[in-house]
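In: What would the 3D arrangement of this be:
(one chain, ligands or ions: 1)
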Amino acid sequence: MSRNKLEDMLVKARKMLKNEGVGEYQLDAQLFMMKATGFTKVQLFTKNDYCLNNNEAEDFWDMVNKRAKRIPTQYIIGNCQFMGLDFLVSEAVLIPRQDTEILVETILEYRKNNEINNIIDIGTGSGCIPISLLSYGINNAVAVDISNDAIEVAKKNAALNKVLNRIQFVNSNLFEALGEEYYGKFDAIVSNPPYIAKDIIKGLMPEVKDFEPMIALDGGDDGLDFYKKIVPEGKKYLSSNGWMFFEIGYDQGVAVSRLLEAEGFQKVEVIKDLAGLDRVVLGKMG
Ligand code: GLN
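Out: Take a look at the predicted model:
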């Protein structure tokens, strides 16, 4: 048995990750091996007696050791997929979720019968929402985040996906830095704000609570802090008949619908995800 033999390293890594409670230990070990060697997934099987050189082996164990500490795979690899597109991620941004694809798909669906061309995304993080909307048909977007580090990541993602000329980034706490020149300008306000209730956060898996940005998760005592601000404050930025689209937690459909209705929004609707849970709330002005 050779120390740097691919097959033996994979076996050892799988065991290590499994012992640390990593769910996808098999897949993760394979991903790290592909990244360290440049092999495809098929090559991991056809070249299983390959001996890694010392650099490759060091890279591999570095990734495995990080994952054993429960650092999310996407932060270790540095990228992920969202809406079939590639996004860079770092610990400055929330890792894009499949749940959020429902939000993007809902907006694209509504766009078929409504004028939704110019949007603003509040709390853009990696930029996954506006960048995929721009990639699939929307004309222009403004992407807002309180974190400059997040904006740096989102800019790289806009360049990577070739939409940099149609997106403007604003470093702002919600609408604070958006002056009168933005009033009435947007067909839709879009947001996947932090919506987890404070008490729930400590029970989340270590990957999320220890490594994802707390400011991207924490929605205050009832998780609704950001909707309560965005709905009333955002109205003046909408064009007449403008829309709001939010991602929400599974138990927030009624509360967020009421917030929209209380501010005069019509056609308020809750959209479910593939698991049948409430996931998106939307409404139309006027
Ligand atoms: N808009 C980003 C996303 O959906 C970030 C969301 C957040 O940080 N709460 O992934």
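In: ok, for the residue in the chain that the ligand sits nearest to, nearest residue in space, not its chain neighbours?
Out: Proximity of the chain to the ligand (CB to the nearest ligand atom) peaks at G125, 2.7 Å away. From N, CA and C alone the C-beta is placed, and that goes for glycine too. Using CB to CB, 6 or more residues apart in numbering and skipping the chain neighbours, the partner closest in space to G125 is V93 (4.3 Å).
In: quick one: that neighbour and I215 touch, right?
Out: No - using CB atoms under 8 Å, V93 is not in contact with I215, being 10.5 Å away.
In: higher neighbour count, those two?
Out: V93 (28 against 14; other CB atoms under 10 Å).
In: ok, the residue of the chain closest to the ligand - how many residues close by?
Out: 29.
In: in terms of contact, does it touch A216 like I think?
Out: Yes - at 6.1 Å, G125 counts as touching A216 under the criterion of CB under 8 Å.
In: So the residue nearest to G125 versus M214, what's the distance?
Out: Distance of V93 to M214, given as CB to CB, to the nearest Å: 13 Å.
In: What of I71?
Out: Here I71 is placed at a distance of 16 Å from M214 (CB to CB).
In: Looking at these two, which is more packed in?
Out: I71 (17 against 12).
In: doesn't that one fall inside a strand?
Out: No - counting by DSSP: H, G, I helix; E, B strand; the rest coil, I71 is not part of a strand but coil.
In: A188: which element?
Out: Per DSSP states H and E: A188 is located in strand 186-191.
In: who does that strand pair up with?
Out: In the sheet, strand 186-191 lines up against strand 118-122 (parallel), strand 238-247 (parallel) (DSSP bridges).
In: count of residues packed around the nearest residue to N139 once chain neighbours are set aside?
Out: Counting by CB to CB, 6+ apart, N139 lies nearest to N117, which is 4.3 Å off, once chain neighbours are set aside. The burial count assigned to N117 is 16, neighbours taken as other CB under 10 Å.
In: which ones are touching N117?
Out: Residues near N117 by CB atoms under 8 Å, 6 or more residues apart in numbering: R111, I138, N139, N140, D187.
In: quick one: common contacting residues for G125 and A216?
Out: V93, L94.
In: Show me which residues of the stretch 1-150 of the chain are close to the ligand?
Out: Contacts of the stretch 1-150 of the chain with the ligand, taken as CB under 6 Å from any ligand atom, map to L94, P96, T100, G123, T124, G125, S126, C128, I129.
In: the strands in the stretch 1-150 of the chain, which residues?
Out: Here the stretch 1-150 of the chain has its strands, by DSSP state E, counting those that start in this stretch, at 79-82, 85-88, 118-122, 140-145.
In: buried set for the first one?
Out: Buried positions in strand 79-82, judged by neighbour count with 16 or more other CB atoms under 10 Å: C80, F82.
In: Direction included, what does it pair up with?
Out: Per DSSP bridges, strand 79-82 is paired in its sheet with strand 85-88 (antiparallel).
In: now what about the partner strand, what contacts it?
Out: Residues contacting strand 85-88 (CB under 8 Å, 6+ apart): 78-81, 96, 126-128, 131-132, 135, 153, 156-157, 160-161.
In: Return a ChimeraX selection command for the buried portion of those residues.
Out: Only the buried entries of these go into this ChimeraX selection, using 16+ other CB under 10 Å:
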select :80,96,126,127,128,131,132,135,153,156,157,160,161
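In: Right, I'll call it a day here.
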